[in-house]
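>>> Give me the fold of what follows.
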Amino acid sequence: MIPRKWSVLMAVAVVFWLVIPADAGFFMVDQNGETTLISKGRIKNASEGIVWILNGPRDEMIFINDDQKTYSIGTTDEYCNSLSAMFEQMMKGVPEEQRKMMTKGKGSSRQDVSIVKLGDGGTIAGYKTVKYKVLVGGELFKEIWLTLDSSLMKEYKPLIPVLKKFNSCTNSMEMESSPENTPEYQKLWEAGFELKSVRYERGDSESETDVVQLDKKTIPESEFKVPSGYKQVSFAELLKAQME
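A predicted model of the protein is given here:
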(Lines give C-alpha, C1' and ligand atoms only; values in the text may rest on other atoms or scores of the structure.)
Protein backbone atom coordinates (compact mmCIF):
# COMPACT_ATOMS: atom_id res chain seq x y z
CA MET A 1 0.00 0.00 0.00
CA ILE A 2 1.27 3.49 -0.86
CA PRO A 3 1.76 5.63 2.28
CA ARG A 4 -0.83 8.39 2.63
CA LYS A 5 1.87 11.08 2.47
CA TRP A 6 2.98 9.92 -0.99
CA SER A 7 -0.62 9.52 -2.15
CA VAL A 8 -1.27 13.16 -1.30
CA LEU A 9 1.92 14.30 -3.03
CA MET A 10 1.06 12.31 -6.16
CA ALA A 11 -2.45 13.79 -6.16
CA VAL A 12 -1.03 17.31 -5.89
CA ALA A 13 1.40 16.58 -8.74
CA VAL A 14 -1.43 15.33 -10.96
CA VAL A 15 -3.54 18.42 -10.23
CA PHE A 16 -0.54 20.68 -10.94
CA TRP A 17 0.04 18.92 -14.27
CA LEU A 18 -3.62 19.28 -15.22
CA VAL A 19 -3.79 22.95 -14.24
CA ILE A 20 -0.58 23.91 -16.10
CA PRO A 21 -0.40 21.69 -19.20
CA ALA A 22 2.99 21.50 -20.91
CA ASP A 23 1.47 22.34 -24.27
CA ALA A 24 -0.67 25.31 -23.19
CA GLY A 25 -0.96 28.19 -25.62
CA PHE A 26 -3.30 30.46 -27.56
CA PHE A 27 -5.41 30.06 -30.68
CA MET A 28 -6.03 33.33 -32.55
CA VAL A 29 -8.28 34.20 -35.51
CA ASP A 30 -8.23 37.54 -37.36
CA GLN A 31 -10.89 39.33 -39.41
CA ASN A 32 -9.91 37.39 -42.53
CA GLY A 33 -10.29 34.01 -40.84
CA GLU A 34 -6.51 33.49 -40.72
CA THR A 35 -5.39 31.46 -37.70
CA THR A 36 -2.27 31.83 -35.58
CA LEU A 37 -0.96 29.54 -32.84
CA ILE A 38 1.22 30.84 -30.00
CA SER A 39 2.86 28.57 -27.44
CA LYS A 40 6.05 28.67 -25.35
CA GLY A 41 7.75 31.38 -27.36
CA ARG A 42 6.72 29.91 -30.71
CA ILE A 43 4.29 31.17 -33.32
CA LYS A 44 2.73 29.40 -36.29
CA ASN A 45 0.88 30.99 -39.19
CA ALA A 46 0.11 30.37 -42.85
CA SER A 47 0.43 32.93 -45.62
CA GLU A 48 0.19 32.53 -49.41
CA GLY A 49 0.31 28.74 -49.23
CA ILE A 50 3.36 28.60 -46.95
CA VAL A 51 3.19 27.61 -43.29
CA TRP A 52 5.81 29.40 -41.23
CA ILE A 53 6.92 28.68 -37.68
CA LEU A 54 9.13 30.97 -35.63
CA ASN A 55 10.75 29.46 -32.54
CA GLY A 56 12.02 32.19 -30.23
CA PRO A 57 13.95 30.13 -27.66
CA ARG A 58 15.80 28.25 -30.43
CA ASP A 59 16.16 31.25 -32.79
CA GLU A 60 14.79 28.98 -35.50
CA MET A 61 12.62 29.47 -38.56
CA ILE A 62 10.67 26.77 -40.39
CA PHE A 63 8.80 27.16 -43.67
CA ILE A 64 6.54 24.33 -44.84
CA ASN A 65 5.04 23.90 -48.31
CA ASP A 66 2.26 21.32 -47.99
CA ASP A 67 1.55 21.31 -51.73
CA GLN A 68 5.14 20.40 -52.64
CA LYS A 69 5.78 18.42 -49.43
CA THR A 70 8.96 20.40 -48.75
CA TYR A 71 10.33 22.41 -45.84
CA SER A 72 13.19 24.76 -45.00
CA ILE A 73 14.69 25.13 -41.53
CA GLY A 74 17.50 27.18 -40.00
CA THR A 75 18.36 30.14 -37.80
CA THR A 76 16.96 33.61 -38.34
CA ASP A 77 20.42 34.81 -39.41
CA GLU A 78 20.65 32.05 -42.03
CA TYR A 79 17.27 33.03 -43.46
CA CYS A 80 18.16 36.72 -43.46
CA ASN A 81 21.47 36.01 -45.21
CA SER A 82 19.63 34.07 -47.92
CA LEU A 83 17.10 36.87 -48.28
CA SER A 84 19.86 39.47 -48.53
CA ALA A 85 21.73 37.42 -51.14
CA MET A 86 18.59 37.07 -53.24
CA PHE A 87 17.94 40.81 -53.01
CA GLU A 88 21.48 41.63 -54.09
CA GLN A 89 21.17 39.24 -57.01
CA MET A 90 17.95 40.95 -58.09
CA MET A 91 19.60 44.37 -57.86
CA LYS A 92 22.71 43.43 -59.86
CA GLY A 93 21.21 44.48 -63.15
CA VAL A 94 19.97 47.83 -61.80
CA PRO A 95 22.24 50.82 -62.65
CA GLU A 96 23.86 52.53 -59.65
CA GLU A 97 22.04 55.82 -60.16
CA GLN A 98 18.71 54.05 -60.34
CA ARG A 99 19.51 52.12 -57.17
CA LYS A 100 20.22 55.40 -55.39
CA MET A 101 16.92 56.82 -56.58
CA MET A 102 15.06 53.69 -55.41
CA THR A 103 16.54 53.88 -51.91
CA LYS A 104 16.75 57.64 -51.41
CA GLY A 105 13.94 57.60 -48.85
CA LYS A 106 15.63 54.96 -46.74
CA GLY A 107 16.26 56.21 -43.23
CA SER A 108 14.09 59.32 -43.48
CA SER A 109 11.27 57.90 -41.35
CA ARG A 110 13.63 57.43 -38.38
CA GLN A 111 13.93 61.11 -37.62
CA ASP A 112 10.75 61.75 -35.64
CA VAL A 113 8.75 58.75 -34.41
CA SER A 114 6.89 59.16 -31.13
CA ILE A 115 4.52 56.91 -29.20
CA VAL A 116 1.59 58.32 -27.19
CA LYS A 117 -0.29 56.20 -24.66
CA LEU A 118 -3.99 57.05 -24.79
CA GLY A 119 -5.23 54.72 -22.03
CA ASP A 120 -8.15 52.30 -21.92
CA GLY A 121 -8.81 50.82 -25.37
CA GLY A 122 -11.84 48.73 -24.43
CA THR A 123 -12.21 44.97 -24.79
CA ILE A 124 -11.17 43.05 -27.92
CA ALA A 125 -11.80 39.31 -28.31
CA GLY A 126 -12.50 39.16 -24.57
CA TYR A 127 -9.26 40.88 -23.51
CA LYS A 128 -8.81 44.35 -22.01
CA THR A 129 -6.58 46.60 -24.09
CA VAL A 130 -4.54 49.78 -23.86
CA LYS A 131 -4.65 52.13 -26.83
CA TYR A 132 -1.61 53.89 -28.30
CA LYS A 133 -1.03 56.19 -31.24
CA VAL A 134 2.14 56.42 -33.29
CA LEU A 135 3.15 59.78 -34.71
CA VAL A 136 5.66 60.27 -37.51
CA GLY A 137 6.79 63.85 -37.96
CA GLY A 138 3.88 64.91 -35.75
CA GLU A 139 1.33 63.25 -38.06
CA LEU A 140 -0.81 60.26 -37.08
CA PHE A 141 0.71 57.12 -38.57
CA LYS A 142 -1.01 54.33 -36.66
CA GLU A 143 -3.38 53.50 -33.80
CA ILE A 144 -2.65 50.31 -31.87
CA TRP A 145 -4.56 48.34 -29.25
CA LEU A 146 -2.42 46.12 -27.00
CA THR A 147 -3.42 43.58 -24.38
CA LEU A 148 -1.20 43.21 -21.31
CA ASP A 149 -2.67 39.82 -20.36
CA SER A 150 0.06 38.10 -18.30
CA SER A 151 -0.60 34.54 -19.51
CA LEU A 152 -0.46 35.60 -23.17
CA MET A 153 2.66 37.71 -22.62
CA LYS A 154 4.36 34.73 -20.95
CA GLU A 155 3.88 32.69 -24.14
CA TYR A 156 4.75 35.61 -26.44
CA LYS A 157 7.75 37.38 -24.85
CA PRO A 158 10.42 34.77 -25.78
CA LEU A 159 9.55 35.53 -29.41
CA ILE A 160 10.32 39.25 -29.26
CA PRO A 161 14.12 39.21 -29.88
CA VAL A 162 13.72 36.95 -32.92
CA LEU A 163 10.75 38.96 -34.23
CA LYS A 164 12.85 42.12 -34.05
CA LYS A 165 15.68 40.44 -35.95
CA PHE A 166 13.29 39.07 -38.56
CA ASN A 167 11.53 42.42 -38.93
CA SER A 168 14.86 44.20 -39.34
CA CYS A 169 16.07 41.95 -42.15
CA THR A 170 12.76 42.04 -44.06
CA ASN A 171 12.61 45.82 -43.75
CA SER A 172 16.14 46.08 -45.13
CA MET A 173 14.76 44.75 -48.43
CA GLU A 174 12.28 47.64 -48.70
CA MET A 175 13.02 50.75 -50.71
CA GLU A 176 12.03 53.07 -47.86
CA SER A 177 12.62 52.74 -44.13
CA SER A 178 9.52 51.96 -42.09
CA PRO A 179 8.61 53.55 -38.75
CA GLU A 180 8.01 49.98 -37.49
CA ASN A 181 11.77 49.39 -37.68
CA THR A 182 12.66 52.18 -35.25
CA PRO A 183 13.61 51.56 -31.58
CA GLU A 184 10.73 53.81 -30.49
CA TYR A 185 8.14 51.69 -32.28
CA GLN A 186 9.63 48.37 -31.26
CA LYS A 187 9.23 49.26 -27.58
CA LEU A 188 5.53 48.56 -28.14
CA TRP A 189 6.40 44.88 -28.67
CA GLU A 190 7.65 44.78 -25.09
CA ALA A 191 4.61 46.66 -23.80
CA GLY A 192 1.93 44.18 -24.89
CA PHE A 193 0.44 41.96 -27.58
CA GLU A 194 -1.22 43.65 -30.57
CA LEU A 195 -4.90 42.81 -31.06
CA LYS A 196 -5.84 45.65 -33.37
CA SER A 197 -4.10 48.31 -35.44
CA VAL A 198 -5.19 50.91 -37.97
CA ARG A 199 -2.69 52.57 -40.30
CA TYR A 200 -3.14 56.09 -41.65
CA GLU A 201 -1.52 57.24 -44.87
CA ARG A 202 -2.35 60.21 -47.11
CA GLY A 203 -5.59 60.77 -45.26
CA ASP A 204 -6.80 57.19 -45.67
CA SER A 205 -7.11 54.56 -42.93
CA GLU A 206 -6.47 50.84 -43.34
CA SER A 207 -7.03 48.07 -40.80
CA GLU A 208 -3.82 46.04 -40.46
CA THR A 209 -4.62 43.82 -37.48
CA ASP A 210 -8.04 42.93 -36.16
CA VAL A 211 -8.24 39.89 -33.89
CA VAL A 212 -11.78 38.57 -33.53
CA GLN A 213 -11.04 35.43 -31.50
CA LEU A 214 -8.33 34.66 -28.95
CA ASP A 215 -8.68 31.52 -26.86
CA LYS A 216 -6.44 29.67 -24.44
CA LYS A 217 -5.93 26.24 -25.87
CA THR A 218 -3.79 23.16 -25.38
CA ILE A 219 -1.65 23.02 -28.51
CA PRO A 220 0.03 19.70 -29.44
CA GLU A 221 3.79 19.74 -29.95
CA SER A 222 3.20 18.26 -33.41
CA GLU A 223 1.85 21.65 -34.56
CA PHE A 224 5.39 23.05 -34.38
CA LYS A 225 7.14 20.17 -36.13
CA VAL A 226 7.73 19.31 -39.79
CA PRO A 227 5.38 16.55 -41.04
CA SER A 228 7.14 13.26 -41.67
CA GLY A 229 8.10 12.42 -45.24
CA TYR A 230 8.70 16.03 -46.33
CA LYS A 231 11.86 16.89 -48.28
CA GLN A 232 14.20 19.56 -46.93
CA VAL A 233 15.24 22.41 -49.25
CA SER A 234 17.50 25.36 -48.53
CA PHE A 235 16.21 28.85 -47.78
CA ALA A 236 17.67 29.95 -51.13
CA GLU A 237 15.64 27.29 -52.97
CA LEU A 238 12.53 28.28 -51.03
CA LEU A 239 12.89 31.97 -51.86
CA LYS A 240 13.63 31.24 -55.53
CA ALA A 241 10.48 29.11 -55.78
CA GLN A 242 8.41 31.90 -54.21
CA MET A 243 9.70 34.39 -56.76
CA GLU A 244 8.81 32.19 -59.76
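
>>> Would you mark the buried spots in stretch 66-77?
70-76 (16 or more other C-beta atoms under 10 Å). All C-beta atoms are positioned from the backbone trio N, CA, C, and that covers glycine.

>>> What distance do you get for the residue positioned nearest the centre of the chain to Lys240?
Closest to where the C-alpha atoms of the chain average out (C-alpha atoms, centre = their mean) is Leu163, at 5.8 Å. Here Leu163 is placed at a distance of 25 Å from Lys240 (C-beta to C-beta, to the nearest Å).

>>> tally of neighbours for the residue lying closest to Asn171 once chain neighbours are set aside?
In space, and not counting its chain neighbours, Asn171 is closest to Asn181: 4.4 Å by C-beta to C-beta, 6 or more residues apart in numbering. For Asn181, the neighbour count with other C-beta atoms under 10 Å is 19.

>>> wait, Asn181 sits on Ser168?
Yes: between Asn181 and Ser168 there is a contact under C-beta atoms under 8 Å: 6.2 Å.

>>> list the buried ones in the helix or strand Ser207 falls within?
If you go by DSSP states H and E, Ser207 is part of strand 204-218. Under the neighbour-count criterion of 16+ other C-beta under 10 Å, strand 204-218 has 211, 214 buried.

>>> Measure how far that strand is from the centre of its chain, please.
Put simply, strand 204-218 sits 13 Å off its chain's centre (C-alpha atoms, centre = their mean, to the nearest Å).

>>> next structured bit after that strand?
Remark: after strand 204-218, the chain's next helix or strand is strand 231-232, criterion DSSP H and E.

>>> Other residues contacting that next one?
Outside of strand 231-232, the residues within contact range by C-beta atoms under 8 Å, 6 or more residues apart in numbering are 69-73.

>>> Buried by neighbour count: which residues of the helix or strand that it is followed by qualify?
Using DSSP H and E, the helix or strand that directly follows strand 231-232 along the chain is helix 235-243. Buried residues in helix 235-243, counted by 16+ other C-beta under 10 Å: 235-236, 238-239.

>>> can I get the residues you listed in TSV with distance to Leu148 and pLDDT?
Output for the buried residues of helix 235-243, formatted as TSV (distance: C-beta to C-beta, whole Å; pLDDT from 0 to 100):
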residue	distance to Leu148	pLDDT
Phe235	35	93
Ala236	40	91
Leu238	36	87
Leu239	36	86
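
>>> And those, which is closest to Leu214?
Leu238 (30.0 Å; C-beta to C-beta).

>>> show me where the protein has helices.
With DSSP state H as the criterion, the chain has helices at 4-19, 76-91, 96-102, 150-156, 160-171, 183-191, 235-243.

>>> Which one of the buried residues of stretch 66-77 is nearest to Ser207?
Each of those was scored against Ser207 by C-beta to C-beta, and Thr76 proved nearest at 28.1 Å.

>>> quick one, what contacts that closest one?
If a contact means C-beta under 8 Å, 6+ apart, then Thr76 has 54, 59-61, 162, 165-166, 169 as its contacts.
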